[in-house]
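A.B. asks: Sequence and computational prediction follow.
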Amino acid sequence: MGITEKKLIEIDGSYGEGGGQILRTALALSAILMKPFAIHHIRSKRKNPGLQAQHLEAVEALAQVTEAKTEGVKFGSQKISFHPQKIISGDYQFEVKTAGSVILLLQAILLPLCLAQGSSKVTLVGGTHVPWSPPFHYFSRVLLPTLEPMGISIDATIEKWGFYPRGGGRIQLNIKPVYELKPIHLTDRGSLKKIWGLSTLSSLPRHVAERQKDHAIKRIQKELCMEPEINILDDASSNGSGSFLFLLAEHEKAIAGFSSLGKKGKQAEKVADEAVDDLKDYLRSGGCIDPHLADQLVPFMALTKRKSSFTTTRITDHLLTNLWIISHFLQVKIEKQGEIGKTGRVDFIPPTY
């Protein structure tokens, strides 16, 4: 007989963009609110549907943190149920095989551990700078500083870089508990203060990092009339080779990040172009926060006891999917303005506001 302690929240994993984000956000909210859920058609629209390594590790990691009872949790599964019991702070180590993203795993466990009763130390092993996921430097330089005014305090360090396809990176987090999330309002980014960057490589000639840096600087000087500060790290500790360019736009009231990864056959100048193009799009658009920050912030903002708001340069499928998942777990009123691909605004209005 299946697990039947509480009524399950039923979720269709094929909704919207139908990716792993649905699962990760559901896991986090289920753990915090102690509401069990079942999800079916997990990643059914993907070429390789069902739970892959990084999704499987996310479920197993949060099951450990919450002493959850689960069903169907195995590689390739398209249907699982998750019944959390309690959130347990402590020391944890989780590994995502191959180059699965450790930052995507964090999207499942970070918020529950922030709201635990005590501090936690988390070690994550896997991909730190890999395609289709936020890189560690976005997490540490954009997301965490944005969460600080909400009361969240996390120290994050990278001990080893994990590039695709070798992975094997290692990051450490020290998480202090927060007992109530404070509301935030990110609707006006203010004036641009500076543009900072990091051009990194591992097991590649130094000129690759120099070309990434030089090309980015020339374009920013010419097209944005700014003088950026871009540093080089040419000896990043890693199991394999890789290159990475990260650009940070620091405004008076907001931070935005843009990055690009190198790969075999991809010119250093192309790496720079991708990051600079995204930076330009952001700076020339209305809205306060960048699209990637928007979808990562909404689970935190939905849990505040007073109104929280943001404007973003672009409404994305990821954002709308996350808002849809939140509506399954919380009674918060969500007001949305804007169309997919355009600037928009989201307001969270709790029932008691």
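C.D. replies: That came through fine.
A.B. asks: buried stuff in the longest helix anywhere in the chain?
C.D. replies: Under DSSP state H, the helix in the chain containing the largest number of residues is helix 206-224. Within helix 206-224, the residues that count as buried by 16 or more other C-beta atoms under 10 Å are 208, 209, 211, 212, 213, 214, 215, 216, 217, 219, 220, 224. Using the backbone N, CA and C atoms, a C-beta is placed for each residue, glycine as well.
A.B. asks: how about CSV for the residues you listed, with distance to residue 32 added?
C.D. replies: Below are these laid out as CSV (distance: C-beta to C-beta, whole Å):
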residue, distance to residue 32
208, 43
209, 41
211, 45
212, 40
213, 41
214, 46
215, 44
216, 40
217, 43
219, 43
220, 41
224, 41
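A.B. asks: Got the domain ranges for the protein?
C.D. replies: Here the domain assignment for the chain is 89-179, 192-283, based on automatic domain parsing.
A.B. asks: Highest mean neighbour count out of the ones you listed?
C.D. replies: Mean neighbour counts were compared across the domains of the chain using mean count of other C-beta atoms under 10 Å; the top stretch is domain 89-179, at a mean of 20.
A.B. asks: Endpoint to endpoint, that one covers what distance?
C.D. replies: Taking C-alpha to C-alpha, to the nearest Å as the measure, domain 89-179 stretches 13 Å from start to finish.
A.B. asks: Average the pLDDT values over it and round to the nearest integer.
C.D. replies: Computed over domain 89-179, the mean pLDDT rounds to 96.
A.B. asks: Run the chain-centre distance for that domain.
C.D. replies: Its chain's C-alpha centre and that of domain 89-179 lie 9 Å apart, by C-alpha atoms, centre = their mean, to the nearest Å.
A.B. asks: likewise stretch 337-350?
C.D. replies: 19 Å.
A.B. asks: Sort out which residues of it are buried, please.
C.D. replies: For stretch 337-350, a neighbour-count test (16+ other C-beta under 10 Å) marks 338, 343, 344, 345, 346, 347, 348, 350 as buried.
A.B. asks: Name the surrounding residues that touch that stretch.
C.D. replies: Under the criterion C-beta atoms under 8 Å, 6 or more residues apart in numbering, residues 187, 285-287, 294, 298, 301-302, 304-317, 319-320, 323, 331-336 lie in contact with stretch 337-350.
A.B. asks: could you flag which of those residues are buried?
C.D. replies: In the contacts of stretch 337-350, burial by neighbour count holds for 187, 287, 294, 298, 301-302, 304, 307-316, 319-320, 323, 332, 334, counting by 16+ other C-beta under 10 Å.
A.B. asks: re earlier: can you tell me which of the buried residues of helix 206-224 lies nearest to residue 123?
C.D. replies: residue 209 (27.6 Å; C-beta to C-beta).
A.B. asks: Tell me which residues touch the closest one, please.
C.D. replies: Taking C-beta under 8 Å, 6+ apart, one finds 199, 200, 201, 232, 233, 234, 243, 268 in contact with residue 209.
A.B. asks: go with 6 Å
C.D. replies: Contacts here follow C-beta atoms under 6 Å, 6 or more residues apart in numbering; on that basis residue 209 touches 199, 201, 232, 234.
A.B. asks: now residue 331
C.D. replies: Taking C-beta under 6 Å, 6+ apart as the contact definition, residue 331 lies against residue 351.
A.B. asks: gap between it and residue 38?
C.D. replies: The gap separating residue 331 from residue 38 is 20 Å, by C-beta to C-beta, to the nearest Å.
A.B. asks: what about the strands in the stretch 251-353 of the chain?
C.D. replies: Listed in chain order, the strands found in the stretch 251-353 of the chain under DSSP state E, counting those that start in this stretch are 255-261, 308-312, 333-337, 344-349.
A.B. asks: Looking at those strands, spot the one closest to residue 272.
C.D. replies: Of the strands of the stretch 251-353 of the chain, nearest to residue 272 by C-beta to C-beta is strand 255-261, at 7.3 Å.
A.B. asks: which residues sit against the closest one?
C.D. replies: By C-beta under 6 Å, 6+ apart, the residues outside strand 255-261 that reach it are 135, 138, 141-142, 145, 244-249, 271, 274-275, 278-279, 282, 290.
A.B. asks: Please tell me how far stretch 314-330 is from the chain's geometric centre.
C.D. replies: When C-alpha coordinates are averaged (C-alpha atoms, centre = their mean), stretch 314-330 and its chain have centres 14 Å apart.
A.B. asks: In PDB, list the C-alpha atoms belonging to that stretch.
C.D. replies: The C-alpha trace of stretch 314-330 is given here as PDB (Å, rounded to 0.1, in the frame of the first residue of the first chain):
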ATOM      1  CA  ARG A 314      12.300  39.600 -19.600                       C
ATOM      2  CA  ILE A 315       9.400  37.300 -18.600                       C
ATOM      3  CA  THR A 316      10.500  33.700 -19.200                       C
ATOM      4  CA  ASP A 317       8.900  30.300 -19.400                       C
ATOM      5  CA  HIS A 318      11.000  29.300 -16.400                       C
ATOM      6  CA  LEU A 319       9.500  32.200 -14.300                       C
ATOM      7  CA  LEU A 320       5.900  31.400 -15.200                       C
ATOM      8  CA  THR A 321       6.400  27.700 -14.500                       C
ATOM      9  CA  ASN A 322       7.800  28.500 -11.100                       C
ATOM     10  CA  LEU A 323       4.900  30.800 -10.300                       C
ATOM     11  CA  TRP A 324       2.500  28.000 -11.400                       C
ATOM     12  CA  ILE A 325       4.200  25.500  -9.000                       C
ATOM     13  CA  ILE A 326       4.100  28.000  -6.100                       C
ATOM     14  CA  SER A 327       0.300  28.400  -6.600                       C
ATOM     15  CA  HIS A 328       0.000  24.600  -5.800                       C
ATOM     16  CA  PHE A 329       1.500  25.100  -2.300                       C
ATOM     17  CA  LEU A 330       0.700  28.600  -1.100                       C
END
